[in-house]
Each structure stands twice: as structure tokens, then as C-alpha cells.
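[1] fold the following.
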Amino acid sequence: MSLTRRWLYFRNRSEPLRQATLLLLLSGAAGRGENLLQIIKAQSRATRGEWSAQLSQLAALLESGHPLTTALALTEDLLPPGITAAISAAESTGCLPAVMRDEADRLITRMNAGTGHIQGLMVTACGTLTVFFPLATFLMVFCIPKLASVFEGFGLQLPAITLSLLDTADFIGNYWYYLVLPLVCGSGWGAWYQWRDARHRQIHGSPLLAGLSPRHWVPGLLRMFSISAAAGKPLTLCMNAAIQQLPAGRAADRMLKLRELLERGEPVPAALERTRLLSRRDAAFLRSATTAGHPDWALRQLAEHLDNRRAQRQQRHSLIIACSLQIFVGLIVLWFSLAFFMPLIKLISVYE
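    All right, here's what the predicted structure looks like:
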């Protein structure tokens, strides 16, 4: 369990485990309005805090006559927008329980896969710098000058690597007041943004700036297309449901352009390729499967492939960041070690 998700769980906030449980309960009660209300109210009484208030709001909206998809969309931060859009697209196809179970399984898979790698790296980096900075400051302020005075007494010159450390210490000592504000503000903003992004990923299932990345929403859109293709429904219904849940930004503009192309009668693979939501290779796969008469299967398989590719890319980036951080800290430790031991080695070699 990541740090952010642990915090949300103990504060009774919306997070993947609670969202998956709610979807499984809703899938079992879909189509039976009275049982649905009883289940939601029971869940609300069994929890506390913000999650209980959200479930109470959902029950109140259902009692006032709102459809399930409208009630889910009006309850803020209850479910990720992509899941709400998928439920809205599935409500008119008669496969709402299956879609809810499928989305719950996907939430559980994402939860078990672990999303706290970057957070762990941030905590490790902060802990390393917290321990290393006072130690390095003590060595540069108190130890290096005394070592330099010893060498002056013997009439020797310090090694070049030790002189570089002395120059760095002098620079920090002379200009520290210019460095404190940028470092504090940069680290504070980075920690604040990382926390907000991690919280947004847990609650909404997407990064904080996902509205600027149109391709982030493509797997969910393809799954919605597969539902409509299997049920023989128009794809524009899926587009309307997806656009309503998208945040403002470049992604929404690209989806509006895609809807315009579909309304003109352009095939799905060509429209996705023209709007640069799919690469040429993925569009060719989708086009061949559509020609063979299996568009629903191809859309679903392509969505899973894109999700797996994104997960592998995130793991690769996490590994690169972790290795780079270890190499950087190792080089700094090596620099300090050589700066301290090279003078001693020089003294020993001179007076042997």
C-alpha cells in the first residue's frame, strides 16, 4: 500500500479499495432499485468521514429520482471519471453489471500493482539529503579548513580534489543566502505537487495534468467503444459520455474533434489515427480486426495492450530515477571520501 493510499484509507477518503468494493456491490444490485438503495445506505452507516458522506449523497440523489450514472457523476470524488463514463456508456447496452465488475477488477489490479514507487523514491531522497546535508556542512566548515592549515604548516599543497571541495565550501559560505530560497521553494513545491498528484491518482485514477495528455484517456475510450460495438449501439453515445467526464484541456479538445469525425461517418481506426490518439501501427491492427468482423474484441485487446505498455513505461522510468539517484549520491560520497583521504595518503607518501 502506497503512502498516499494508506493516508486516504485511514482518513475514510475515496481510494481504490473502497471504490472497487462499491462497484462490486452496485454490480450485484444493478436493476433492483430498492436493493441498491439499501446497500448504499448500509455502506454509509458502516463507514465514517468523507466516504460515508459521499455515499449518503449518492443515496439521496437516487431517492430523488436521478439515474445511477447521473448520481455517480454528481457525487464529487466518488469514482474516477473514466469509470463513471464507462458506466454511463454501459447503462444503455444492458451490460451494466459486467462493466462494473470489470472496472472493479481493474481497480484491484492497479491497487495490487503498486503506485508508490515515485513516492518511495521521494521519501528516500529526502531522508538521504536530511542526513547527508548536516554531515557535509560539518565536514566542510570544521574539518577541511583544519586539514588545510596542517598542510600549510608542512609546506605542502592540498590535492586538487580537496581544493575543489574547499572552493565549493567557500562558494556556499559566500552565497548561501542566494541558494536557500530557491532550494526551499523548489523542494517545497516539488513535495506539494507530488502529494497532490499522488492523491489525484488514487482518487481519480489519472495524473493531475491528465487533461493535457489526450492519449491517457484512449484505453478507457476504446473499452467504451467495445461495449457499444458488441451491443450494436452508436459510438457517439460513448463519446458524449467520455467528453462529459473529461477535464478541460487539450484532451477534451481532441475528443471533440474525434466526435466530429465519427459523426461525419469516418471509420473508427481512421478517426483515431487522424486525431493522433493512436499510432499508425495500432490503427492498422484495429483496421484489420474490423475488416475481419471482430471490432469489439480488437478494441478491448488494444485497450489492455495500451494499459500494459503504460505500466511498463512507468516502471522503467521509476527504475531509471532510482538508479540515477543512487549513482548521484554515490558520486558525492566518493568525492567527499577522496577529498579527505587523498591528503592523508599524500602526507604518508611524503614522510615515509
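
[2] where does the stretch 251-352 of the chain have low pLDDT?
    Scanning the stretch 251-352 of the chain for pLDDT under 70 picks out 350-352.

[3] all the helices of it, residue numbers only.
    268-274, 280-291, 295-350 (DSSP state H, counting those that start in this stretch).

[4] which helices and strands does the first one pack with?
    Of the remaining helices and strands, those touching helix 268-274 by 3 or more CB pairs under 8 Å, 6 or more residues apart in numbering; DSSP states H and E are helix 250-263, helix 280-291. C-beta coordinates here come from the backbone N, C-alpha and C atoms, glycine included.

[5] so which bits of it are buried?
    Going by neighbour count (16 or more other CB atoms under 10 Å), the buried part of helix 268-274 is Val268, Pro269, Ala271, Leu272, Glu273.

[6] save the residues you listed as CSV, and put in distance to Lys257 too.
    Formatted as CSV, these follow (distance: CB to CB, whole Å):
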residue, distance to Lys257
Val268, 14
Pro269, 16
Ala271, 9
Leu272, 11
Glu273, 12
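
[7] after the least confident helix or strand in the chain by mean pLDDT comes which helix or strand?
    Confidence across the helices and strands of the chain bottoms out at helix 117-138, with a mean of 70, counting by mean pLDDT, DSSP states H and E. Following helix 117-138 in sequence order, the next helix or strand is helix 144-154 (DSSP states H and E).

[8] how far off centre is stretch 141-150?
    Chain-centre distance of stretch 141-150: 47 Å, with CA atoms, centre = their mean, to the nearest Å.

[9] got the contact list for that stretch?
    By CB atoms under 8 Å, 6 or more residues apart in numbering, the residues outside stretch 141-150 that reach it are Leu158, Thr162, Leu165, Leu166, Ala169, Gly173, Ala339, Phe340, Pro343.

[10] distance to Glu260 added to the helices of the stretch 251-352 of the chain, as a markdown table?
    Supplementary listing: those in a markdown table, determined by distance: least, CB to CB, whole Å:
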| stretch | distance to Glu260 |
| --- | --- |
| helix 268-274 | 9 |
| helix 280-291 | 18 |
| helix 295-350 | 20 |
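
[11] and of those helices, who's closest to Ser88?
    Proximity to Ser88, assessed across those by CB to CB, is greatest for helix 295-350 (17.1 Å).

[12] quick one on the thing from earlier: for the buried residues of helix 268-274, work out which two are farthest apart.
    Comparing all pairs in these by CB to CB, the longest separation belongs to Val268 and Glu273, at 9.6 Å.

[13] to Leu302, which of the helices and strands packed on helix 268-274 lies closest?
    The nearest among the helices and strands packed on helix 268-274, by CB to CB, is helix 280-291 at 6.0 Å.
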